[in-house]
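Q: fold the following for me, if possible:
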Amino acid sequence: MTETQVHRSQRQLIDAAVNQRDWAIVGASENQQKFGNIIYRDMKRAGYRVVGVNPNAETADGDPVYPTLGDLPNVPIVVDVVVPPWVGRSVAEDTARAGIQIFWLQPGAESDELIEYAESLGLDVIHHACAMVEKRRWTT
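A: Next comes the predicted model:
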């Protein structure tokens, strides 16, 4: 079986992810200079239901932030990762443990090793693509 037969293409994964409204943004915070905050606010304003995950933050854009994916009140469909690759490994493990399938690594959050590791956990990994560029606008 080829790699493309094992995993859906990146385009198919991106299309599947952006058509889901429930996302967790790992790395969200109140620091407006950080990409976690920028992406959180952008996706929220586009109409996505986003929840922040960051053990070092209490809020993002005035909304509560949770320490881990396991602490979320509802399970999201997509996990968008905006943390360094060395942190991403434990996020991948939490994602798999939570039964979340789509694991999106923002540019700068990915590494070949992390991509391979997340795929070995059975996750559908999106990489080398920005959620803010690929998102759609939800009007309702």
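Q: quick check: residue 104 touching residue 82?
A: No: counting by Cβ atoms under 8 Å, residue 104 sits too far from residue 82 to count as a contact (9.4 Å). Bear in mind the C-beta positions are built from the backbone N, C-alpha and C, glycine included.
Q: and the top helix by length along the chain, what does it pack against?
A: The longest helix of the chain (DSSP state H) is helix 85-97. On a contact count with 3 or more Cβ pairs under 8 Å, 6 or more residues apart in numbering; DSSP states H and E, helix 85-97 meets strand 78-81, strand 102-105, helix 112-120.
Q: repeat that with 6 Å
A: Secondary structure elements in contact with helix 85-97, counted by 3 or more Cβ pairs under 6 Å, 6 or more residues apart in numbering; DSSP states H and E, are strand 78-81, helix 112-120.
Q: show me where pLDDT drops low in the protein?
A: For the chain, the stretches flagged by pLDDT under 70 are 1-8, 139-140.
Q: so what's the residue nearest to the spatial centre of the chain up against?
A: Note on the chain: the residue nearest the mean C-alpha position is residue 80, at 1.0 Å, using Cα atoms, centre = their mean. Under the criterion of Cβ atoms under 6 Å, 6 or more residues apart in numbering, the neighbours of residue 80 are 23, 25, 104, 131.
Q: check the offset of the host helix or strand of the second one from the chain's centre.
A: In this case it means residue 25. Per DSSP states H and E, residue 25 falls inside strand 22-26. Its chain's C-alpha centre and that of strand 22-26 lie 5 Å apart, by Cα atoms, centre = their mean, to the nearest Å.
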